[in-house]
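Model the structure of this input:
(chains A and B)
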Amino acid sequence: MSTTPESTPPPARKGDESRQATNFIRQIIDRDLAERRYPGVATRFPPEPNGYLHIGHAKSICLNFGLARDYGGRCHLRFDDTNPTKEEQEYVDSIQADVRWLGFDWGEHLYFASDYFQKMYDLAEKLITDGKAYVDSLSKDELREHRGSLTEPGRESPYRSRSVEENLDLFRRMKAGEFDNGEHVLRAKIDMASANMLMRDPLLYRIVKAEHHRTGDAWSIYPMYDYAHCIEDAIEGISHSICTLEFENNRELYDWVLDNVGFTEPRPHQHEFARLSLDYTVMSKRKLLTLVKEGHVGGWDDPRMPTLAGLRRRGYTPEAIRAFADLIGVAKTNSTVDIGKLEYCVRDDLNHRAPRVMAVLDPLKVVVTNYPLDLEERLEASYWPHDVPKEGSRPVPFARELYIEREDFAEEPPQGWHRLSKGGEVRLRYGYVIRCYEVVKDAAGAVVELRCSYDPSTRGGANPDGRKIKGTIHWVSAKHAVAAEVRLYDRLFTVPAPDATDGDFKDHLNPDSLTVVRAMVEPSLAAAEAGAHYQFERQGYFVTDSVDHRPGELVFNRVVTLKDSWARKTAGPEDDAAPVERESKPKADKGGKGRPTKLTASQGRGKAREADPALAEAFARFQAEHGLSEEDADVLTGDLALATFFEAAATGHEPEPVAKWVTNVLLAELKDRPVAELPFDGAAFGRLIALADAKTISTSGAKAVLEVMLAEGGEPAAIVKARGLEAMTDDASLQALVDAALAAHPDNVARYREGKTTLLGSFVGAVIKASGGSADAKRVKELVKAALAG
RNA sequence: UGGGGCGUCGUCAAGUGGUAAGACACGGGAUUUUGGUUCCCGCAUUCGCAGGUUCGAAUCCUGCCGCCCCAACCA
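Below is the predicted model:
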């Protein structure tokens, strides 16, 4: 992403193959495209217009629009406006502005869920007609009570059995506005006992008598998210509907609605990724709204807010945010990203686009006493450092009285101090070397002025006598400097995870998140334009404030400081290595009920055995008669089909290896498929294992045969014969393959001999592959070892 | 006493039975009138833990542990 103009391409380094950005969603898309499940890729970004977009949304926007871009598809911007009580046109506008600002274009694909209300309604009537939805007239409380709990099934509503005619009539009257809020709802008729709470007859429609920002009072019923969202996707022909992890439970309902309302494949499918969490900030709309409402910040666009509006005003660039999205990746792990990565991205972007200027944030007066009283010089100062390939400079006035940064002077300089001290020298950037010979203090003992001398021969970086000046500091001419308001922003919270701590997240608000200073800036800045970025040398990146900055009343926001390895060195461990202690969230003790533990697989099998004496009997017999371990016997007796399969396979053979093959290999191939679907029976499987056991075929050969059997069934011995998979055990053939494998990778041979012994496996693997799986692995390993040693 | 997910470096994150990518952070060095930038070099014998299968396991099997989500007429 980051482009350094004019830079030559970096030299190829080891293993450098510029890896394609990949993530599990791209893999799913690749698979779907390879299987031709969709004609192309269509994604969508579906915000509800009930608040401002934040950096977390930016991750989603970059993902969805990025996918469409990279796969030559399209990405829709769709407002999910199904709840008129919370949504406003203001948000519709701000969201569009933010997405555009971020750099994405939805072209003609701007949609509103509300445009589909009629279609959704028609489909709901169809559901009713099909007997798959009903009007319920329970109260809110009764509804909740009937829903059951996480561990107890729900109960069916007495209204569940209403006739289609009655349901249709009621639903039409709901639509016609004959009832008040809460009197009736439309529910899907699914399963009140489902382990997935969302499938317990979910609400499809509710009565809401409110003005909708787009449809006005045309509707008095509105669809619920789970009913509406999937239909919106399907209507628009979305292929991959990407949302965040907390919707994983909703996927089953997403699929149910589409399947029952009549959308057939290819239809959209939902995939979930982890939403963004960032250190030292909060991301929920509710908390952000609280900060705004209670005045902890100046508004949605306060530069400390993680909103796009806030980041924009802070001076973050769209490029930096997009680079950040690329940097953090997309996965399913709940994770919290170090906010330092975001800061890195802006610095990296602004470094080559922000001209350098000088500004003194905390001025300390310096009088250069040997500088002529009336003399004023104009020193030419480049806007760009040597390593940024851009041109341009401005004159900077120099005179007898200057300001320097107060922290660039130390009365008692610490070890390694490069800046000014009494009796010491420092270079003024683009100017002269000065030496401080006197420190003027006020009555309270505070330093108010430095009296210095300058060396005329050192102008503009000249160094005639080769003298070593370690430090260079920034400065402004007192007479020419322009006053400016500078807003120094810092993290909004003092702890890494403000919403994971005990008590109120607002307790951790950083009181120093905003410091306003009156700075003295170089005169060229008087002409600073709106939205202009600068680097104040040695300080950080700054931007003119988009609201308050104007000519004659300069206001700068600090985007981010420069990296400061000196401060890190001095500050010591407490400040810098601040251990990211994430206080773990206290268990929300919901309803006093302990958190139920999940039923494990073995517990499930135990239950199955309790319920089925045949299984219990097999469990005992497998141990007693076949000599299996309790563990193997357990795994094999979870369901009768598997137990029977095993017994058939074991008959006439050593039971132990058969058990190992069933549990370790077959189970993995099977995944969740029932054994009954296998195109071969237990006896055939047993014959395969016997072949391996007798060393007629090698282990990898047996796996190869199994692959074939899994795909098309067949008799193991015949497959072995047809594919020439008999174990290759004669040393002559094996040795030839080994020699070839070593010869193919002389570099790895050398590295192995230097001690990188983990390379052994790759040689063995190569030989086995070359043999088509028939080579005897143990022997190969011996031969490879010998060859490598020789 | 339910169901759905997730555990790979301080932080993100590749990896899909055959040499543990990369980035940020961190440490060291070089260049530098920004203690900035840039450039080098270093930074996981090990993938939540324990068993097992295999010539070979982060990847397969089993058990255990930890974390997140679900009981709005929100999305």
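
do stretch A:607-617 and RNA strand B meet?
No: interface with RNA strand B: stretch A:607-617 contributes nothing (Cβ under 7 Å from any atom of the strand), its closest point being 9.5 Å away. All C-beta atoms are positioned from the backbone trio N, CA, C, and that covers glycine.

Run through who's touching that stretch.
Surrounding stretch A:607-617, the residues in contact under the criterion Cβ atoms under 8 Å, 6 or more residues apart in numbering are A:599, A:619, A:637, A:638, A:639, A:640, A:643.

A helix includes the last one, no?
Right, the one you point to is residue A:643. Yes: the assignment for residue A:643 (DSSP: H, G, I helix; E, B strand; the rest coil) places it in a helix.

gap between the nearest residue to it once chain neighbours are set aside and residue A:608?
Spatial nearest neighbour of residue A:643, chain neighbours left out: residue A:618 (4.6 Å); criterion: Cβ to Cβ, 6 or more residues apart in numbering. Between residue A:618 and residue A:608 the distance is 11 Å, computed by Cβ to Cβ, to the nearest Å.

Compare those two (neighbour count), which wins?
Counted by other Cβ atoms under 10 Å, residue A:618 and residue A:608 do not tie: residue A:618 has more neighbours, with 22 against 16.

ok, the more buried one touching residue A:647?
Yes: in this structure, residue A:618 is within contact of residue A:647 by Cβ atoms under 8 Å, at 7.4 Å.

low-confidence ranges in chain A?
The model of chain A has pLDDT under 70 over residues A:1-20, A:501-502, A:572-599.

which SSE is the spatially most central residue of chain A in?
Compute the mean C-alpha point of chain A, and by Cα atoms, centre = their mean the closest residue is residue A:330, 4.5 Å away. Counting by DSSP states H and E, residue A:330 is held by no secondary-structure element, helix or strand.

about what we covered before: mind checking what secondary structure the residue nearest to residue A:643 has?
When states are read from three-state DSSP, the local structure at residue A:618 comes out as helix.

likewise residue A:381?
What three-state DSSP gives for residue A:381 is strand.

and it, how far is that from residue A:763?
62 Å.

out of the two, which sits in the busier spot?
Under the neighbour definition other Cβ under 10 Å, residue A:381 and residue A:763 were set side by side, and residue A:763 has more, 24 against 19.

Make sure the more buried one is indeed in a strand.
No: according to three-state DSSP, the state of residue A:763 is helix, so it is not within a strand.

got the phi/psi numbers for residue A:161?
The main-chain torsion angles of residue A:161 are listed as degrees, to the nearest 10 and equal phi -100, psi 20.

How much space separates it from RNA strand B?
Going from residue A:161 to RNA strand B by Cβ to the nearest atom of the strand, to the nearest Å gives 19 Å.

again with residue A:298
To RNA strand B, residue A:298 is 26 Å away according to Cβ to the nearest atom of the strand.

Now that residue: which helix or strand?
When elements are assigned from DSSP H and E, residue A:298 belongs to no helix and no strand.

What is the burial count for it?
Using other Cβ under 10 Å: residue A:298 sits among 16 other residues.

right, and the secondary structure at residue A:111 would be what?
Recorded secondary structure, residue A:111: strand (three-state DSSP).

After the lengthiest helix in chain A, which helix or strand is next? Please name it.
As far as residue count goes, and with DSSP state H defining each element, the longest helix of chain A is helix A:55-70. Using DSSP H and E, the helix or strand that directly follows helix A:55-70 along the chain is strand A:74-79.

Could you identify the helix or strand that succeeds that next one?
Going down the chain from strand A:74-79, the next helix or strand is helix A:89-102, by DSSP H and E.

So which elements touch that next one?
helix A:55-70, strand A:74-79, helix A:308-314, helix A:318-328 (3 or more Cβ pairs under 8 Å, 6 or more residues apart in numbering; DSSP states H and E).

which strands and helices sit next to the longest helix of chain A?
Using 3+ Cβ pairs under 8 Å, 6+ apart, helix A:55-70 sits against helix A:24-34, strand A:42-45, strand A:74-79, helix A:89-102, strand A:240-244, strand A:277-278, helix A:308-314, helix A:318-328.

for the next helix-or-strand element following the shortest one, which positions count as buried?
Taking DSSP H and E as the definition, the helix or strand that follows strand A:277-278 towards the C-terminus is helix A:285-293. Buried residues in helix A:285-293, defined by neighbour count with 16 or more other Cβ atoms under 10 Å: A:285, A:288, A:291, A:292.

And for stretch A:322-334?
Residues A:322, A:323, A:324, A:325, A:328, A:329, A:330 are the ones in stretch A:322-334 that count as buried (16+ other Cβ under 10 Å).

Any idea how far that stretch is from the middle of the chain?
The gap between where stretch A:322-334 is centred and where its chain is centred comes out at 4 Å by Cα atoms, centre = their mean, to the nearest Å.

Start and end of that stretch, how far apart?
20 Å (Cα to Cα, to the nearest Å).

List only buried entries from the contacts of stretch A:607-617.
Among the contacts of stretch A:607-617, those scoring as buried are A:619, A:637, A:638, A:639, A:643 (criterion: 16+ other Cβ under 10 Å).

Spit out the contact partners of the closest residue to the second one other than its chain neighbours.
For residue A:637, the nearest residue in space outside its immediate sequence neighbours is residue A:619; the separation is 4.3 Å by Cβ to Cβ, 6+ apart. Contacts here follow Cβ under 8 Å, 6+ apart; on that basis residue A:619 touches A:609, A:633, A:634, A:637.

Does stretch A:375-386 reach RNA strand B?
Yes: applying Cβ under 7 Å from any atom of the strand, one finds stretch A:375-386 in contact with RNA strand B at A:385, A:386.

Give me the buried positions along that stretch.
Buried residues in stretch A:375-386, counting neighbours by 16+ other Cβ under 10 Å, are found at A:377, A:379, A:381, A:383, A:384.

Kindly report the same for stretch A:662-676.
By neighbour count with 16+ other Cβ under 10 Å, stretch A:662-676 contains the buried residues A:662, A:663, A:665, A:666, A:675.

how long is that stretch end to end?
14 Å.

Columns distance to RNA strand B on top of the helices and strands packed on helix A:89-102, output as CSV?
Supplementary listing: the helices and strands packed on helix A:89-102 in CSV, determined by distance: least, Cβ to the nearest atom of the strand, whole Å:
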stretch, distance to RNA strand B
helix A:55-70, 10
strand A:74-79, 9
helix A:308-314, 17
helix A:318-328, 4
